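[1] Dropping the sequence and predicted coords here.
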Amino acid sequence: MLPAQTCKTDHVGVPGVDDMTVLIGIMADSHGQADTIRDALAVFASAGCGSIYHLGDVCDTNLPETANTCMRLLQDNRVITIKGNNDQAIVASHMGREKSPVSQTVLRSLQNLDLVKNYSNAIFIHSLPFVHELGLASMIGTMGPQEIGRFFREFPGHILFRGHSHSPEIAWLSGGQVQVKSLVAGAKLDLSERTPCVVTCGALTRGLCMIWNPEENDIECISFL
């Protein structure tokens with residue numbers, strides 16, 4: 001687990017990225033559907049996002065032949081990409097195979113993806129944030145009330161952005177109780193009184209992505225279907 005006080009930016013040296021002044025595009029769970037990545041990239045470009053994250057499951061174990069296109073799209077657009085369980089499974093199944101539909105270059109890229117990234121007070125993960133304890137197992141499992149409560153205790157003042165669960169929602173603490181709210185596409189939500197919080201992005205396969213404005217401290221769930 002990363003202690004909260006050690007969270008660092010992943011944007012140092014990125015042209016045009018000035019801490020806390022840019023919109024950040026967030027997507028997750030493309031599951032081999034390259035067109036959904038393209039659609040989200042178009043949304044982020046139109047909004048003027050200065051940085052973009054993909055929260056894992058870029059690929060799908062049932063569609064390994066799409067991994068090359070999906071990863072190259074992310075690389076060409078300088079998307080900061082987190083490893084998901086499907087991405088790890090693709091590596092385990094195809095690395096070193098002579099006739100794999102996934103190039104060895106792409107497999108090495110998937111293998112080298114980080115499990116967690118940090119930016120300001122935000123933590124980006126595929127599923128669970130307890131990486132130092134769980135390792136690769138952090139990519140699976142649900143973020144239930146027990147895990148949410150633990151996150152609030154161990155990462156006060158932080159926002160967790162996650163994928164894996166395909167429906168967009170936010171969980172926060174109110175009156176000592178965990179509150180959960182589904183996110184509606186097109187509506188902005190102020191995080192000022194909801195931090196710490198756990199934000200599930202929503203899946204690209206459902207036509208969903210998200211924009212976070214760190215300066216205004218709000219998020220917007222977006223549907224591109």
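    Great, that's in hand. Numbers count the residues shown, from 1 in each chain.
[2] For the rest of this, base every contact and every neighbour count on C-alpha atoms.
    Will do.
[3] separation between residue 184 and residue 211?
    For residue 184, the distance to residue 211 equals 13 Å [CA to CA, to the nearest Å].
[4] meant to ask about residue 69
    Here residue 69 is placed at a distance of 24 Å from residue 211 (CA to CA).
[5] before we move on, the earlier item: common neighbours of residue 184 and residue 211, please.
    residue 221 (CA atoms under 8 Å, 6 or more residues apart in numbering).
[6] what about those two, which has more around it?
    A side-by-side neighbour count of residue 184 and residue 211, using other CA atoms under 10 Å, places residue 211 first with 22 against 14.
[7] Just the CA coordinates for the helix or strand where that one lies, please, in PDB.
    Per DSSP states H and E: residue 211 is located in strand 208-213. These are the backbone C-alpha positions of strand 208-213, laid out as PDB (Å, rounded to 0.1, in the frame of the first residue of the first chain):
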ATOM      1  CA  LEU A 208     -19.100   5.600 -20.900                       C
ATOM      2  CA  CYS A 209     -16.000   7.700 -20.000                       C
ATOM      3  CA  MET A 210     -15.300  10.500 -17.500                       C
ATOM      4  CA  ILE A 211     -13.700  13.900 -17.200                       C
ATOM      5  CA  TRP A 212     -12.200  15.100 -13.900                       C
ATOM      6  CA  ASN A 213     -11.500  18.800 -13.300                       C
END
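[8] What helices and strands are in contact with it?
    Packing contacts for strand 208-213, counted by 3 or more CA pairs under 8 Å, 6 or more residues apart in numbering; DSSP states H and E, involve strand 24-27, helix 34-47, strand 218-223.
[9] Flag every buried residue along it.
    By 16 or more other CA atoms under 10 Å, the buried positions in strand 208-213 come out as 208-213.
[10] repeat for stretch 33-50
    Buried residues in stretch 33-50, defined by neighbour count with 16+ other CA under 10 Å: 33-34, 36-37, 39-41, 43-44, 49-50.
[11] and if you look at stretch 156-176?
    Under the neighbour-count criterion of 16+ other CA under 10 Å, stretch 156-176 has 158-166, 168-173 buried.
[12] mean confidence score for that stretch?
    The average pLDDT within stretch 156-176 is 95.
[13] From the chain's centroid, how far away is that stretch?
    Distance of stretch 156-176 from the chain centroid (CA atoms, centre = their mean, to the nearest Å) equals 12 Å.
[14] if I pick residue 58, what's in contact with it?
    Counting by CA under 8 Å, 6+ apart, residue 58 touches 28-32, 67, 70-71, 83-84, 86-87.
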